[in-house]
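Asker: what shape does this take:
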Amino acid sequence: MFAQDLKVQLNINIGEEVKLKCRNNTCISGNHCRELLSNDKKAFLKLCDGKRQGWNSQLKKENRLHHCEFYSPHPVFYWQPMKVEWLASDPKVGQFIEFASREELHALWDHAPKAFRSQVVGTNKTTIKSDVRTGTQSWFPDNHWITKRLSLRIQNLINMNYETSDDWQIGSYGIGGHYSVHHDYFEKDYAQSQWFHKRGYHNRLATFMIYLADVELGGYTAFPRMNIFVKPVMGNAIFWTNLHSDGEGQNITLHGGCPVLLGNKKIANKWIYYGGQMLRFPCLDAFRKP
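Answerer: Residues are numbered from 1 along each chain as shown. As a prediction, the model looks like this:
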């Protein structure tokens, strides 16, 4: 009954997000927007139950993956390869097993600045408190030994320059805490007015999320358009790309944080920007504009 009550509340919150997106005209039309996000909402809630919808996915068949390997993309991993489960190839989605040690996770959590109530971007391009995202967060810059260590590990692992990235976002979600479906990349109108765009960073190319604690029940990271969900396990991390190689958003990366039903979900997010990756993430011929 408790879990059902949380779903009802999540239903309401996602409904509010549908209205927001429709008001911002990010869909073809109001009716199309409501229908599209309603289907996403239903798929998201199913994934939050730990149930995939067969192969009901917008991923192209050739981009669907589900295989594991020992991964050594850089010499630092030769002596101890990283264990990875690849879930999709375009956009690239992978889960890294035992990415960080318990000591590193405790250090990241203990040294992070004081947390505050989570915020989202409002209709007037300001940050506001919202029921769409319930939890606390803080921002931890790359000037501490633990953040530098983990950022460099990410750079070597996914071959992306962390110097053009956000500070670490440390988040916590208690029972009932969730984040409704959303994209990590920003809409063009908003992005063009922000500091990162003025510096030439452009937009969020990739997301790297570390799970700092186990969650007994719920709290999955779910991608309704790709029919993918990942269970939060302490020390594991999930990585995905948000943009095509030409810098345009990958609409299929819509995702959300499922309600925590039992436990406390703790995460650390690192968003890496498109700017600064020209030698590491070149524009493919298929996306080149004439």
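Asker: and the residue nearest the centre of the chain?
Answerer: Centroid check for the chain by C-alpha atoms, centre = their mean gives residue 207 as the closest residue, at 5.2 Å.
Asker: checking it next. Helix, strand or coil?
Answerer: Following DSSP: H, G, I helix; E, B strand; the rest coil, we place residue 207 in the strand state.
Asker: who does it form a beta bridge with?
Answerer: residue 240, residue 271 (DSSP bridges).
Asker: you'd agree it is up against residue 268?
Answerer: No: Residue 207 is not in contact with residue 268 according to C-beta atoms under 8 Å; the separation is 11.4 Å. From N, CA and C alone the C-beta is placed, and that goes for glycine too.
Asker: about what we covered before: would you mind measuring from the residue nearest to the centre of the chain to residue 240?
Answerer: With the distance defined as C-beta to C-beta, to the nearest Å, residue 207 ends up 6 Å from residue 240.
Asker: before we move on, what about residue 190?
Answerer: Counting by C-beta to C-beta, the gap from residue 190 to residue 240 is 21 Å.
Asker: for the nearest residue to residue 243 once chain neighbours are set aside, which residues are in contact?
Answerer: Leaving aside its sequence neighbours, residue 243 sits nearest to residue 205 (C-beta to C-beta, 6 or more residues apart in numbering; 5.1 Å). Residues in contact with residue 205 (C-beta atoms under 8 Å, 6 or more residues apart in numbering) are 160, 241-243, 247, 272-274, 277, 281.
Asker: residue 221: which of these is nearest?
Answerer: Checking the contacts of residue 205 against residue 221 by C-beta to C-beta gives residue 242 as the nearest, at 13.8 Å.
Asker: these two touch, right, the closest one and residue 183?
Answerer: Yes: when contacts are counted by C-beta under 8 Å, residue 242 is listed as touching residue 183 (6.8 Å).
Asker: the more surrounded of these two?
Answerer: A count of neighbours by other C-beta atoms under 10 Å puts residue 242 above the other of residue 242 and residue 183, at 22 against 16.
Asker: next, count neighbours for residue 193.
Answerer: Other residues lying near residue 193 total 11 when counted by other C-beta under 10 Å.
Asker: would it count as being in a strand?
Answerer: No: under three-state DSSP, residue 193 falls outside any strand and is assigned coil.
Asker: that one and residue 249, how far apart?
Answerer: Residue 193 is 17 Å from residue 249, where distance means C-beta to C-beta.
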